[in-house]
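Visitor: just the structure for this:
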Amino acid sequence: MDCRLQGVIVARHGEGTHNTGGFYSSDPDHPNYIESRLTELGREQALNLASQLKQSGIRGAEICRVVVSPLPRTIETAHIVLSALGVPEINMELDERVIESKVGDREGQQYKSYNDRDFWFPENPEKFGGETNTQIQDRMLEAYNQILTEDCQSEGYVMVFSHGAPIYLLIEALLGMGIKLSTAGYKRLPCHFRL
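Guide: Predicted structure coming up:
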């Protein structure tokens, strides 16, 4: 299929209160969920992300679709970036598939309460009701492939606002090696399908 889409841009949310507080905040349906919103620095980072996109030559008129995780910190980040770029918010849609990694019984708990080598990727997450890396990667790839299918003939960019570990796993699937984006960091991804 000949694809005219210029690219998919994945962006991580700005710094949230869960980052500064060191707690898991991934599943609003869990009874231990603690809402995380952007900090003042997180809002500044979102504005800086918009500036970086402009400096890289991306104009708001070129962003044809915006896919956003339904958590407050990603929605806030998307609103700030879209406003700064002049992208109509009608282009924004929430998608559960790009949400934060579900952590099951760890929801609302402090990262430091556990002895993980990397709290983004705890070992054996199924033991505490969390998602495995494969499950996260599969849902991110499903969303990504759907974007390519539905927006292939668009001549602009699709932006996806998500979270650190899910973005890492998507990039790993597409490029062979994951990247840990900083808060409000972004990466342009290729327009090819990956099963």
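Visitor: so which residue is dead centre in this structure?
Guide: S162 (1.1 Å; C-alpha atoms, centre = their mean).
Visitor: buried residues in the longest helix along the chain?
Guide: Longest helix of the chain, by residue count under DSSP state H: helix 133-151. Buried residues in helix 133-151, counted by 16 or more other C-beta atoms under 10 Å: N133, I136, Q137, D138, R139, M140, L141, A143, Y144, I147, L148, D151. To be clear about C-beta, it is placed using only N, CA and C from the backbone, and glycine gets the same treatment.
Visitor: just stretch 174-192 next, same as before
Guide: Within stretch 174-192, judged by 16+ other C-beta under 10 Å, the buried ones are L174, G178, L181, T183, A184, G185, Y186, K187, L189, C191.
Visitor: still on that earlier bit, distance to H79 and pLDDT added to the buried residues of helix 133-151, as a markdown table?
Guide: What follows is those, written out as a markdown table (distance: C-beta to C-beta, whole Å; pLDDT from 0 to 100):
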| residue | distance to H79 | pLDDT |
| --- | --- | --- |
| N133 | 30 | 97 |
| I136 | 25 | 98 |
| Q137 | 27 | 97 |
| D138 | 28 | 97 |
| R139 | 24 | 98 |
| M140 | 22 | 97 |
| L141 | 26 | 96 |
| A143 | 20 | 96 |
| Y144 | 22 | 95 |
| I147 | 20 | 91 |
| L148 | 25 | 88 |
| D151 | 21 | 78 |
